[in-house]
Structure formats: C-alpha cells, structure tokens
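[1] Structure for this input, please:
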Amino acid sequence: MSGRWAVTAMVNSGRLDPEWTVDEGTAERVLEIWAVLPIAQSPAPEPPPLGYRGMRLHDDVTGREWFVFAGVVTSEGIGREDSGNDFARAVLGTAPAGALPPWLEF
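    Here you go, the predicted structure:
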C-alpha cells in the first residue's frame with residue numbers, strides 16, 4: 001500500500017485487516033472534525049482481543065496516528081470525545097466497496 005494517508009480497520013481475527021489510502025483533501029476534512037471534538041473526560045477502554053478493535057488513520061510523512069475506539073479518538077496522548085461517531089464515520093466512509101464487514105456500522 002502506498003500513499004501519505006493510510007487507514008486500517010481492525011476488524012479481523014486471524015487474517016489481515018483491511019487497509020486503504022485516502023487523499024489529502026479527505027484527510028484534511030477528517031482532521032477538521034478532530035479539531036472540534038471536545039477533550040475526552042476518560043480514556044477509551046482497551047479493545048477486545050477479537051472482533052472490532054478500532055481503526056487507525058496514519059500520516060506516513062509525519063508518523064502521526066489517530067486511533068478510534070469506543071467513541072474516543074486518541075492522537076499523541078490526547079483523547080477527544082467522538083460520541084456522535086463523526087470522526088469514525090468520516091474515516092470508515094472512505095473505505096473501498098466491500099472492504100469492511102457488513103456488521104460494522106456507526
């Protein structure tokens with residue numbers, strides 16, 4: 001996979017998780033959502049070992065990552081509330097057709 005912005009949906013057990021890239025404009029729109037989310041009052045719980053374990057947006061140039069799980073988006077130690085799943089939906093909405101399991105909804 002090549003490209004500056006990469007997304008990984010951690011949904012599979014025992015096989016590779018779906019990964020895809022997003023363009024710069026899409027990444028900028030997603031990061032605008034991040035910028036207005038309120039600071040989380042508590043950290044996200046630890047993901048389970050099986051099933052949906054969150055998703056990751058990764059900037060290959062800077063190495064910065066945003067991790068989404070259980071309504072919290074975390075980056076560089078800062079957690080933000082995504083209780084409406086706006087960030088999660090914006091990221092997952094970029095997935096290619098058929099990349100995500102049908103049970104994954106926000």
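[2] The closest residue to Glu19 other than its chain neighbours: how many residues sit nearby?
    Distances taken as C-beta to C-beta, 6 or more residues apart in numbering place Thr8 nearest to Glu19, at 4.9 Å, with adjacent residues excluded. Yep, even glycine has a C-beta here, placed from its N, CA and C like the rest. By other C-beta atoms under 10 Å, 18 other residues sit near Thr8.
[3] Mind checking what secondary structure Thr8 has?
    What DSSP: H, G, I helix; E, B strand; the rest coil gives for Thr8 is strand.
[4] Who is it paired with across the strands?
    Glu19, Arg56 (DSSP bridges).
[5] Show the contacting residues for Met10.
    Under the criterion of C-beta atoms under 8 Å, 6 or more residues apart in numbering, the neighbours of Met10 are 17, 47, 52-56.
[6] returning to that earlier point: residues touching the residue nearest to Glu19, list them.
    The contact partners of Thr8, taken as C-beta under 8 Å, 6+ apart, are 17-19, 55-56, 58.
[7] switch to 6 Å and redo it
    The neighbours of Thr8, taking C-beta atoms under 6 Å, 6 or more residues apart in numbering as the test, are 17, 19, 56.
[8] ranking those by neighbours, who comes first?
    When neighbours are taken as other C-beta under 10 Å, the top entry among the contacts of Thr8 is Arg56 (18 neighbours).
[9] Enumerate the beta-bridge partners assigned to Trp66.
    Per DSSP bridges, residues listed as beta-bridge partners of Trp66: Leu57.
[10] That one contacts Met55, correct?
    No. Using C-beta atoms under 6 Å, Trp66 is not in contact with Met55; the gap is 8.8 Å.
[11] mind listing the strands for the chain?
    With DSSP state E, the ranges of strands along the chain come out as 5-9, 19-22, 55-59, 65-69, 72-75, 78-81.
[12] Of all those, which one is nearest Gln41?
    strand 78-81 (7.4 Å; C-beta to C-beta).
[13] now that closest one, how far from the chain's geometric center?
    With C-alpha atoms, centre = their mean, to the nearest Å as the basis, strand 78-81 stands 13 Å off its chain's centre.
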